[in-house]
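K.L.:
make a model of this:
(one chain, ligands or ions: 2)
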Amino acid sequence: MNKLVIQVPASTANLGPGFDSVGISLNRFLTLKVYEHHEWKFEQISTLLPPLPDNDDHFILQIAKQVADHYHKSLPPCRVVVDSEIPLARGLGSSASAVVAGIELANQVGQLSLTDQEKLYFASNIEGHPDNVAASLFGGLIIATKNKENGFEVVPFYDLMVDFLVFIPNIELKTDDARKVLPSSYSRQDAVRGSATSNVLIAALLCGQYELAGKMMEQDIFHEPYRSELIPHFHEVREAAKTLGAFGTVISGAGPTIISLVPYGDGERIAKHLRAIYPQFQIEILKMNRNGVVVEYDASYKALKS
Ligand SMILES: Nc1ncnc2c1ncn2[C@@H]1O[C@H](COP(=O)(O)OP(=O)(O)O)[C@@H](O)[C@H]1O
Ligand SMILES: N[C@@H](CCOP(=O)(O)O)C(=O)O
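P.N.:
Residues are numbered from 1 along each chain as shown. Ligands and ions are numbered 1, 2, ... in the order given. Below you'll find the predicted structure:
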């Protein structure tokens, strides 16, 4: 029986001031194994996923059908086995990964031959911002924006030499709820200062000036001042991580996960100290993923991991 495997990485968005524009692809994965079948059937094998519809109402299939409908195509039914290493509603891009998986499912099963630009267009419009979806699609550090023509521009960068520490709390925070606490507009002074901070952050990352990047990460004025109260222990974790040598610590996406940029290869040392102080967090060392979404036919699942 033919088998298709679609693997989509997690992501962290914003990096502080890069609100809705900056994302980094991370080495935790949502994986779909897709088999020919007489009807649509979804099976979940991940303990990280709550019970979800097992039929046509599954979120990933809804996305796939939305894309196929756009091209007036119907999708042949499949059995889809869903595995996920990405915790839901934690700020690690689970919804973006599911959206990208749905688009790729439609692309493969419906033989749509979508371009990268088309995938980015659908994914960004469905998710509402391009940061997580672009990272899940293309891998690496991505800087993305909507353009005046209602399309999206994205620049990926793959030469970051840092590790990431994630502090995952045992609570969920829906992105929609974390967006409701943000102001609807910013003064010109704040817009200039916030975007200038983000510009310097990106320039520093591209030049490998990680100390400066970390400093800029921690000077966001777009979202963290409003969201930090929703994030347990945010300020003290930031200070503790800095004391141990982290470059910078920010809210991952909309939270509640906190993420630190740390020197390459130094993650385990810092994590060991912090696990002793903060047992309420699951503290993990993550790496940047450089592949983005990967598709293989009849391939071994393990062979896909980067
Ligand atoms: N693998 C998945 N399958 C189905 N739905 C998913 C999956 N991953 C995420 N979702 C949907 O996305 C929601 C979480 O999205 P969101 O609040 O944006 O948090 P996150 O920061 O994890 O993206 C979940 O409650 C669920 O509805
Ligand atoms: N830019 C978005 C990113 C949301 O990321 P998620 O991983 O929490 O879905 C925002 O900050 O709202």
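K.L.:
residue contacts, Ile221?
P.N.:
17, 186, 190, 193-194, 197 (Cβ atoms under 8 Å, 6 or more residues apart in numbering). (C-beta placed from N, C-alpha, C; glycine too.)
K.L.:
out of the residues you listed, which is most surrounded?
P.N.:
Highest neighbour count within those: Pro17, with 27 neighbours (other Cβ atoms under 10 Å).
K.L.:
would you enumerate the residues in contact with that one?
P.N.:
Neighbouring residues of Pro17 by Cβ under 8 Å, 6+ apart: 194-195, 197-198, 201, 216-217, 219-222.
K.L.:
of these - the most surrounded one?
P.N.:
Met217 (30 neighbours).
K.L.:
hmm, back to that, just the contacts of Pro17: which are in helices?
P.N.:
194-195, 197-198, 201, 216-217 (DSSP state H).
K.L.:
just want the residue of the stretch 201-306 of the chain that's nearest ligand 1.
P.N.:
Ligand 1 sits closest to Gly253 of the stretch 201-306 of the chain, with a gap of 5.0 Å, by Cβ to the nearest ligand atom.
K.L.:
excluding its backbone neighbours, what's nearest that residue?
P.N.:
For Gly253, ignoring the flanking residues on the chain, the nearest one in space by Cβ to Cβ, 6 or more residues apart in numbering is Gly91 at 3.6 Å.
K.L.:
ok so that neighbour is a helix residue?
P.N.:
No. Counting by DSSP: H, G, I helix; E, B strand; the rest coil, Gly91 is not found in a helix; it is coil.
K.L.:
which element is the residue in the chain that ligand 2 sits nearest to on?
P.N.:
Nearest to ligand 2, among the residues of the chain, is Gly253, at 2.7 Å (Cβ to the nearest ligand atom). In this assignment (DSSP states H and E), Gly253 forms part of neither any helix nor any strand.
K.L.:
quick check: it touching Leu92?
P.N.:
Yes. At 6.7 Å, Gly253 counts as touching Leu92 under the criterion of Cβ atoms under 8 Å.
K.L.:
common neighbours of the two, please.
P.N.:
Each of 11-12 lies in contact with both Gly253 and Leu92 under the rule Cβ under 8 Å, 6+ apart.
K.L.:
neighbour count winner among these two?
P.N.:
Gly253 (29 against 26).
K.L.:
please state the offset of stretch 18-32 from the chain centre?
P.N.:
2 Å (Cα atoms, centre = their mean, to the nearest Å).
K.L.:
buried ones in stretch 239-257?
P.N.:
240-241, 244, 246-257 (16 or more other Cβ atoms under 10 Å).
K.L.:
tell me where the stretch 151-300 of the chain has strands.
P.N.:
Ranges of strands in the stretch 151-300 of the chain, per DSSP state E, counting those that start in this stretch, are 152-157, 162-169, 248-251, 258-263, 281-286, 294-297.
K.L.:
can you redo these as TSV with mean pLDDT and distance to ligand 1?
P.N.:
Shown next, in TSV, are the strands of the stretch 151-300 of the chain (pLDDT from 0 to 100; distance: least, Cβ to the nearest ligand atom, whole Å):
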stretch	mean pLDDT	distance to ligand 1
strand 152-157	98	18
strand 162-169	98	11
strand 248-251	98	11
strand 258-263	98	12
strand 281-286	98	15
strand 294-297	95	16
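K.L.:
how about the ones you listed in TSV, adding distance to Glu43?
P.N.:
Below are those laid out as TSV (distance: least, Cβ to Cβ, whole Å):
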stretch	distance to Glu43
strand 152-157	33
strand 162-169	25
strand 248-251	33
strand 258-263	31
strand 281-286	26
strand 294-297	19
